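Q: what's the 3D shape of this:
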Amino acid sequence: MQQRTIGDRSVSAIGLGGMPMSIEGRPDPERSIATIHAALDAGVTLVDTADSYHRDANEVGHNEELVARALREYGTGAGDVLVATKGGHLRPGDGTWTRNGDPAYLKRAAKESARRLGVDAIGLYQFHRPDPAVPYADSVGALRELLDEGVILMAGISNADVAQIDEARDVLGGRLVSVQNQFSPAFRSSRSELEHCAGLGIAFLPWSPLGGIANAKDLAARHAAFGQVADEIGTSVHQVVLAWQLALAPVVIPIPGASRPASIRDSAAAADLELTADQVALLSA
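A: The predicted structure is shown next:
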């Protein structure tokens, strides 16, 4: 599988987003474990999670624990996987989301995430979403301290704009390695952040790259150009979407969510799908 880089780590060009395995409508644990194992079998070496990927109020870290279990049970080869988790975005258990960018909280949350993942240091830790009640530099400053203390090995941010990317780079002393923003055929407002990351050599991780759980099944109907290219090539529209994103810049690493082995196998195959310049231009128009 094609490889890309986050910081000093080489990872697969397609990652696995763990959110669908832990929120509403999630599958049973056995199917989730099988999905993660299928991803690893397909060559995926980046798994994305967060402490807020859970359904009920009393199960913070559900997806982190699920990922940790899957990696333990996989055995040989799991050591090559980079697990990226996030903190600062919370789910009270009623389907809503809240934010907490308090530095002391973020440091506690990171240490709890490390405990759930069963690691001495988190491979990649990302500030999940800006908290308007806390200065951004203060929140990112917690990541700087976590880096200095060795609690995390690499630091990133999520749901950030261009100014926040630059601010985070300054606060972290140039050690910002990733930006995780929403980006898909239907949601392209993060294109400027993608291009900014490309110029800086920072990994850009599109979340919901297929448009989210509700919309992924109707991609061809919603976006005719992607369906057209899929028909031309003879592959799935999902692969075309991911291959298009990979073609936009060498720093792009989509992290499609999956809750079935077949889904992640199909997505992973996009890493080796090459589109022509004309096809990329058509899909980008």
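Q: could I get the full set of helices for the stretch 1-150 of the chain?
A: Ranges of helices within the stretch 1-150 of the chain are 29-41, 62-74, 103-117, 136-149, based on DSSP state H, counting those that start in this stretch.
Q: could you dump those helices to a markdown table with mean pLDDT?
A: Converted to a markdown table, these look like this (pLDDT from 0 to 100):
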| stretch | mean pLDDT |
| --- | --- |
| helix 29-41 | 98 |
| helix 62-74 | 98 |
| helix 103-117 | 98 |
| helix 136-149 | 98 |
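Q: quick one, which of those is nearest to Gly93?
A: Closest of those to Gly93 is helix 62-74, at 11.1 Å (criterion: Cβ to Cβ). Every residue, glycine included, has its C-beta placed from N, CA and C.
Q: picking that back up, out of the helices of the stretch 1-150 of the chain, the one nearest Ala277 is which?
A: helix 29-41 (29.8 Å).
Q: what's next to the closest one, contact-wise?
A: Identification of contacts with helix 29-41 by Cβ atoms under 8 Å, 6 or more residues apart in numbering yields 16, 18, 21-22, 26-27, 47, 66-67, 69-71, 73-74, 77-78, 81, 258-265, 268.
Q: with stretch 160-177 instead?
A: By Cβ under 8 Å, 6+ apart, stretch 160-177 touches 6-7, 124, 127, 130, 136-137, 140-141, 143-144, 147, 154-157, 179, 181, 192-193, 196-197, 200, 202-203.
Q: per-residue confidence averaged over that stretch?
A: Regarding stretch 160-177, the rounded mean pLDDT is 98.
Q: residue ranges of the strands in the stretch 151-285 of the chain, please?
A: For the stretch 151-285 of the chain, strands defined by DSSP state E, counting those that start in this stretch occupy the ranges 155-158, 176-180, 203-204.
Q: show me what the first one is packed up against.
A: When contacts are defined as 3 or more Cβ pairs under 8 Å, 6 or more residues apart in numbering; DSSP states H and E, strand 155-158 sits against strand 124-127, helix 136-149, helix 162-171, strand 176-180.
Q: any idea how far Val240 is from the residue of the chain most remote from its centre?
A: Within the chain, the residue lying farthest from the chain centre (Cα atoms, centre = their mean) is Glu232, at 29.1 Å. Using Cβ to Cβ, to the nearest Å, Glu232 is found at 9 Å from Val240.
Q: lowest-confidence helix or strand of this protein?
A: Here the helix or strand of the chain ranked lowest by mean pLDDT, DSSP states H and E is helix 219-222, holding a mean of 87.
Q: run through the neighbouring helices and strands of that one.
A: helix 224-233, helix 237-248.
Q: contact partners for Tyr136?
A: When contacts are counted by Cβ under 8 Å, 6+ apart, Tyr136 touches 101, 130, 164, 167-168.
Q: check what pLDDT Gly77 gets.
A: The model's pLDDT for Gly77 equals 85.
Q: what's the burial count for it?
A: 11 (other Cβ atoms under 10 Å).
Q: and if you look at the one 5 residues further on?
A: Other residues near Leu82 come to 20 when the count uses other Cβ under 10 Å.
Q: setting aside sequence neighbours, what's the nearest residue to Leu205?
A: Here the nearest residue to Leu205 in space, its sequence neighbours aside, is Gln180; by Cβ to Cβ, 6 or more residues apart in numbering that works out to 4.2 Å.
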